[in-house]
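# here is my input, please return the structure:
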Amino acid sequence: MRPNALRLCLCLLLASLTAQAGGTLRVLAWPGYADPDLVQAFERQHDARVEVTFVTTDDDLWERASAQGGESFDVLAVNLAELQRLVNRGLVVPIKPDGIPNTRHQLKRFRDPATLPALQRDGKLYAVPYTYAEMGLIYNRKLVKTTPTSMAALWEPRYRGRILLYEGSSHNFSMAALLAGISNPFQLSDANFNKTVKQLIALRANRPLLYSSPEDVVKLFRTKPVALAFGNYGGQQIKALRASGQDVGYIIPSEGALAWLDCWAVMMGGRDNPLASAWINYTLNRDVSRQLTLRHGLSNTIEPSTDSTEEDKLVWLQPVEDPERRAQFWQRILSGYRRGMF
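Numbering: from 1, shown residues only. Below you'll find the model as predicted:
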């Protein structure tokens, strides 16, 4: 072989090996799921580049995940309810369990298909559990002298202008429906939908402040006389608030609390990217998962929770009847627009 041809072959071989060793991983996740130092450690291990996009509401996640038919990202963190929506639209692909050996470290209830059938469809695995939390009620001990027992406290006129609500639409509908005693807060009939809308209009009249992240909550507690907050992020919010010096309490309401289980799923964009499975496996490393709890107050799927949460009161999120309709009406409620709502 001539020297120039040999040199060309060697260059092509090196380029091929580099491509195999490196590459780019596009991650769509929630705050706290991809801390910079942990991302950098993954990049060093795999000689790769990781691009992380954070979302703060399910509405935002859906908009980004559904763009370009799921080709915009390789892997995403999504709760079980939203996962069904992604599977239905063909935006995520089945996961090969053999490519994620660290699942063997997970607690049995998170790796036994019988306990979480929503992870599978037609016998194929579509997601791997990562973290979970309940959505309880946070109260400021300095402003709320008697410990509340129900989410109904958010509607009390004495707290007008001093309550925090999560910005996303779907959870607010489900929370209000659960409080109203609707048997299935995730599948609302037209009559129950209208009933819930009226409840949310009444809640809007209590002049709530809105937040989208745990950091927002800390900032608002520091700058506003916040008495009560719907704790969409559960323990993550409590940890952040207490770390900032806030004297807050936290309860699981008597009517029960919505609870989410976030999982990693592989999107259409990552179907041929080995880094997608490598990332999921990496986050299930015992030391990496533990950081969820140590840094952010979130429960992980590796270690038993030390929280005294009343688990019999937890209502695990399910797919809702019409997420687009919920989002549309929630924006109308926030804006005060009511024409044609009923």
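
# for A229, give the beta-bridge partners.
I138, L164 (DSSP bridges).

# correct me if wrong: it contacts M135.
No: assessed by CB atoms under 8 Å, A229 is found out of contact with M135, at 10.4 Å. For every residue, glycine as well, the C-beta is placed using N, CA and C.

# now do the same contact list for Y166.
By CB atoms under 8 Å, 6 or more residues apart in numbering, the residues touching Y166 are 57, 135, 172, 210-212, 230, 232.

# helices along the stretch 51-200 of the chain, start to end?
Ranges of helices in the stretch 51-200 of the chain, per DSSP state H, counting those that start in this stretch, are 58-66, 80-88, 108-111, 169-179, 190-204.

# need the winner for burial among those helices.
Most buried of these by mean neighbour count (mean count of other CB atoms under 10 Å) is helix 169-179; its value is a mean of 24.

# now do that one: which elements does it pack against?
Applying 3 or more CB pairs under 8 Å, 6 or more residues apart in numbering; DSSP states H and E, we find helix 169-179 packed against helix 58-66, helix 190-204, strand 257-267, helix 323-335.

# could you dump the ones you listed to JSON lines with mean pLDDT and distance to R111?
Formatted as JSON lines, the helices and strands packed on helix 169-179 follow (pLDDT from 0 to 100; distance: least, CB to CB, whole Å):
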{"stretch": "helix 58-66", "mean pLDDT": "93", "distance to R111": "25"}
{"stretch": "helix 190-204", "mean pLDDT": "97", "distance to R111": "36"}
{"stretch": "strand 257-267", "mean pLDDT": "95", "distance to R111": "12"}
{"stretch": "helix 323-335", "mean pLDDT": "94", "distance to R111": "29"}
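
# quick one: closest of those to L119.
strand 257-267 (6.9 Å; CB to CB).

# any idea how far the closest one is from the middle of the chain?
When C-alpha coordinates are averaged (CA atoms, centre = their mean, to the nearest Å), strand 257-267 and its chain have centres 6 Å apart.

# again with stretch 28-40
13 Å.

# neighbouring contacts of it?
Stretch 28-40 is contacted from outside by 27, 50, 52-56, 61, 64-65, 73, 75-77, 130-131, 213-215, 236, 262, 267, 283, 288, 291-292, 295-296, 298, using CB under 8 Å, 6+ apart.

# for that stretch, C-alpha coordinates in PDB please.
These are the backbone C-alpha positions of stretch 28-40, laid out as PDB (Å, rounded to 0.1, in the frame of the first residue of the first chain):
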ATOM      1  CA  LEU A  28     -34.200  16.700  28.700                       C
ATOM      2  CA  ALA A  29     -34.600  16.800  32.500                       C
ATOM      3  CA  TRP A  30     -35.800  18.500  35.600                       C
ATOM      4  CA  PRO A  31     -33.700  20.600  37.900                       C
ATOM      5  CA  GLY A  32     -31.500  18.500  40.100                       C
ATOM      6  CA  TYR A  33     -31.400  15.500  37.800                       C
ATOM      7  CA  ALA A  34     -28.300  16.500  35.900                       C
ATOM      8  CA  ASP A  35     -26.000  18.500  38.200                       C
ATOM      9  CA  PRO A  36     -22.900  20.000  36.400                       C
ATOM     10  CA  ASP A  37     -20.300  18.000  38.300                       C
ATOM     11  CA  LEU A  38     -22.200  14.700  37.700                       C
ATOM     12  CA  VAL A  39     -22.600  15.500  34.000                       C
ATOM     13  CA  GLN A  40     -18.900  16.300  33.800                       C
END
